[in-house]
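Q: show me how the following folds:
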Amino acid sequence: MNPEDLPCWLASGDLDDPGGHCLSWWNPAQPGYPYPEISGLLLHLLSLADAAPGRRERLCAALLREHDVHRAVHRGGQGYTFDLAMALGGLTADLRLRAAEDTAGTGRAWDVARD
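A: From the prediction side, this is the model:
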């Protein structure tokens, strides 16, 4: 893959898991695992570029479900502060991009931070 093709590939959704998170790696024969902190990073990057609104919505929903179920960004039942910060970075970047909209998903970014 050429480096200039990377943003389009990241926005394509090829790395989506069924729950909406970005996967840890791409290999159709042996898929990666849901990677919430990278989902937050990707959401941030896509928001900065104002790209892939459908993908951003799926990433937001996955990150917010993660919080609703576990009250943290977690892996293996363990919550991680760094991972939460990465998720919040993506959620707040998307919130700033769509500040004029009253979306239920991204508007909850601050609720996640308070919890």
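Q: show me the contacts for the residue nearest the centre of the chain.
A: With distances taken as Cα atoms, centre = their mean, the residue of the chain nearest its centroid is S39 (3.1 Å). Neighbouring residues of S39 by Cβ atoms under 8 Å, 6 or more residues apart in numbering: G20, H21, C22, L59, A62, L63, A87, G90. (Each C-beta comes from the backbone N, C-alpha and C, glycine too.)
Q: nearest to L97 among these?
A: L97 lies nearest to G90 out of these, by Cβ to Cβ, at 10.8 Å.
Q: residue ranges with poor pLDDT in this structure?
A: Scanning the chain for pLDDT under 70 picks out 100-115.
Q: how close does the residue lying farthest from the centre of it sit to C8?
A: Centroid-distance maximum for the chain: N2 at 23.9 Å, with Cα atoms, centre = their mean. Counting by Cβ to Cβ, to the nearest Å, the separation of N2 from C8 is 10 Å.
Q: hmm, back to that, quick one, what contacts the residue farthest from the centre of the chain?
A: The contact partners of N2, by Cβ under 8 Å, 6+ apart, come to none.
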